[in-house]
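A.B. asks: Coordinates for the following, if possible.
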Amino acid sequence: MAANGLGTVSNNDWAPKVDTPVYSPPTSRRRGVLTVVLVLLAAFVLLGPGRNYYVQWSAAQKGAAALQAKDYAEVFRQMKIMADAGNVDAKGQLGALYWRGEGVAQNDSQAVYWWKKSADGGNAEAIAALGQAYLMGRGVEKDSRLAESFSRKAADKDNMNGQYQLGVLYWQGQGVAQSYEQALYWWRKAADQGSGEAEYSLGQVYLNGQGVERNDQLALKFSRQSADKGNANAQYALGVLYAQGRGVAQSFEQAASWWRKAADQGSLEAAFCLGRAYYLHQGVKKDDQAAIVWVRKAADLGEPNAQALLGTLYSRGHGVEQDDRLAFGWWMKAATTGLTEAQYAVAAAYGQGKGTPRDDGQAFAWMSKAANQGFVFAQSNLGGYYSMGQGVEKSAGQAVYWWRKAAEAGNAEAGANLARAYSLGEGVGRDDALAATWAQKASDGRNADAQYMLGILYSQGRGVAQDNDLAFRWWMKAAVQGHVVAQYNVGVVYRDGQGVGKDERQAFEWLSKAADKDNDLAQFALGGLYWDGLGVTKDPVQAARLWRKAADQSNAFAQKALGTAYSEGVGVAQSSADAAGWWLKAARQGNVDAQLALAYASANGVGIARDDKAAESWWLEAAKAGSVDAEFSLGSLYYRGVDGKPNYKEAAKWFFKAAGHGSSGAKTYLDLMKENGQLDSKML
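C.D. replies: The predicted model follows:
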């Protein structure tokens, strides 16, 4: 399973998403241009008599003053006077006020009504505005054909907004046959006239390499031109370029500056990026409180990335009081929009029961959603779900399928799991060479599990040439990353001098690291160093303490060693009963030395009631494991007799076994039995 926490935020690999061009209403129909229009109107009426000359002149002057005072209701009244007097431009501006709801209740139908009146008078801006209305389906039924017709009429009048909109229609294939070439043609014409929207669109086209060859320098150029005109989308995009260092030297400071400009204009994406910058200390001073402010602004208005990050902040208690329930709630909001990172976090929350009751079925369902969208971490985890049967029927084959997808995408954890599957033949045919290949790839990705596994493969010569030196090197890499079993292996290698020069002090250091993490193997081995005084001052008491820790974790070697310490009264108070008790625990786990010790104690009544049958049973267990001492002891037991009843036939059988395995004592007994006439031909 993945080690990634819920809602992981990377400092290095993340980059904000910038989309290919989508329609953005032209800024020339916003209030900044209205001032210019009013001034032009005033100049126009002053140039010569016209219908209601003085009425229009007065209204234009009053409207300009009202606009400067931001009194939009008065602006609307004066525009209405001019429009009623027949001023074509005023009719167009009146439509814009209705469109935005400035100085009057917002009303798309009235906006369209006045734009049509202005358009009938030949006003190119109003004609373009009608194209916008039909494109967006506001005030009229959405109609791509009419959107194209009005936009083209305006474009043919050299109106930059009409040209921009016509480019959008060609890009999207609405009302016309889709054509990147025509889209670029019209956007360039609009950009040449200073259209910020067209410049932004061109910037995105060059950034993503759609319809043109990707060119970061041109993407930067057009994005900056648009951003300088106040286009919020371009300001956001320019921030992304600085953050990624595309077409310009990377500068998180510049990125944050542009994101702030865009966020101040209401860009949700920029607000998210700015909040994230505060959280990660990128281009601004780290400030979790500021991060919360900006991220929440975007999250409250439905920005999925912000919702996901807000969930992470609640999960970690950064800038807010830690709250798993609220974290889960925000992740779920983002997950329902299809954001894969949030789906992954929701799955992890269900799997861990954090912020919501544990539900393995839901965990599997959400992890599947993210995995099927290509989210690599989810693919790796989904393999783990199938491997363990968590929320789904266990399937080693499906586990391998998902691990392979993630591993091929470069996920080191999945690569390590895939290597393990090949090594064990789980879900795929056993193949040590492929195990080594995937372990190497994942090891190069600094995955500690893979590095440890690669060390094992080199140590055993599986899939690679046997090489103790390389085995040690890979274990050391994993150990440095904190892999506890690798730390144990490094300690043992230093202790025994295999693949590296013997160094008892280094052995002590590495075994201590692993033992401190409660690794029972390391605790047992470290206890041995204290017992023998290797790399550390001899300390039987500390040895016994470490063995007790390992023994409590059912480590049979430690149980046997602790029993011996009690038997000898070294490091602990002497207690034959405690010795027998620990030997019994180890013997039941198949530890041959413990079986021999327990058999001896049973045969002699040391720390346990004398019991020849029990002694016989434990020596038989040890003999099955190939213990020559057990074979000899069985011969001795049968010779003197179980419960006083000798069985020379059984004694001879076991003495012969032991003698055949090199026991000189067994040979002596056989000679004695022969001298005493206790061997017959059937026994030979």
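
A.B. asks: What helices and strands are in contact with the strand or helix carrying residue 345?
C.D. replies: Following DSSP states H and E, one finds residue 345 within helix 340-352. Applying 3 or more CB pairs under 8 Å, 6 or more residues apart in numbering; DSSP states H and E, one finds that helix 340-352 contacts helix 304-316, helix 324-335, helix 360-372, helix 376-388. Using the backbone N, CA and C atoms, a C-beta is placed for each residue, glycine as well.

A.B. asks: Is it correct that residue 443 is in contact with residue 457?
C.D. replies: No: with contact defined as CB atoms under 8 Å, residue 443 and residue 457 do not form a contacting pair (10.4 Å).

A.B. asks: Residue 198 touches residue 163, doesn't it?
C.D. replies: Yes: contact criterion CB under 8 Å: residue 198 and residue 163 qualify, at 7.0 Å.

A.B. asks: got any residues that touch both of the two?
C.D. replies: 186-187, 189-190 (CB atoms under 8 Å, 6 or more residues apart in numbering).

A.B. asks: Could you pull out the buried residues of the helix holding residue 345?
C.D. replies: 340-351 (16 or more other CB atoms under 10 Å).

A.B. asks: what's the closest of the helices and strands packed on helix 340-352 to residue 544?
C.D. replies: helix 376-388 (37.4 Å; CB to CB).

A.B. asks: Can you name every helix or strand that the closest one contacts?
C.D. replies: So helix 376-388, by 3+ CB pairs under 8 Å, 6+ apart, packs with helix 340-352, helix 360-372, helix 396-408, helix 412-424.

A.B. asks: Output it as CSV, restricted to C-alpha atoms.
C.D. replies: The C-alpha trace of helix 376-388 is given here as CSV (Å, rounded to 0.1, in the frame of the first residue of the first chain):
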residue,chain,number,x,y,z
VAL,A,376,-0.8,6.6,-10.6
PHE,A,377,-0.9,6.6,-6.8
ALA,A,378,-4.4,5.2,-7.0
GLN,A,379,-3.4,2.5,-9.4
SER,A,380,-0.6,1.5,-7.1
ASN,A,381,-2.9,1.4,-4.1
LEU,A,382,-5.6,-0.4,-6.1
GLY,A,383,-3.1,-3.2,-6.7
GLY,A,384,-2.7,-3.3,-2.9
TYR,A,385,-6.4,-3.6,-2.4
TYR,A,386,-6.6,-6.6,-4.8
SER,A,387,-3.5,-8.1,-3.2
MET,A,388,-5.0,-8.0,0.3
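
A.B. asks: and the angle for it with helix 360-372?
C.D. replies: If you take axes from the mean of the first three to the mean of the last three CA atoms, to 10 degrees, helix 376-388 sits at 140 degrees to helix 360-372.

A.B. asks: contact partners of helix 376-388?
C.D. replies: By CB under 8 Å, 6+ apart, the list of residues contacting helix 376-388 reads 1-2, 4, 8, 340, 343-344, 347-348, 363-364, 367-371, 390-392, 394-396, 398-403, 405-407, 409-411, 413-414, 417, 426-427.

A.B. asks: what does stretch 234-247 give?
C.D. replies: By CB under 8 Å, 6+ apart, stretch 234-247 touches 15-16, 18, 196, 199-200, 203-204, 207, 215-221, 223-227, 248, 250-252, 254-259, 261-262, 265, 267, 269-270, 273, 282-283.

A.B. asks: List buried residues within the residues you listed.
C.D. replies: For the contacts of stretch 234-247, a burial check counting by 16+ other CB under 10 Å picks out 16, 18, 196, 199-200, 203-204, 207, 216, 218-221, 223-227, 248, 251-252, 254-259, 261-262, 267, 269-270, 273, 282-283.

A.B. asks: Can you pull the poorly scored residue ranges out of the chain?
C.D. replies: 1-52, 681, 683-684 (pLDDT under 70).

A.B. asks: how about the closest residue to residue 526 other than its chain neighbours, what does it touch?
C.D. replies: Leaving aside its sequence neighbours, residue 526 sits nearest to residue 511 (CB to CB, 6 or more residues apart in numbering; 4.3 Å). Residue 511 is in contact with 487-488, 491-492, 495, 522, 525-526, 529, counting by CB under 8 Å, 6+ apart.

A.B. asks: show me where this protein has strands.
C.D. replies: Secondary structure of the chain (DSSP state E): no strands located.

A.B. asks: Domain map for it?
C.D. replies: Domain segmentation of the chain under the TED database yields 554-619, 626-683.

A.B. asks: Most tightly packed of those?
C.D. replies: domain 554-619 (a mean of 20; mean count of other CB atoms under 10 Å).
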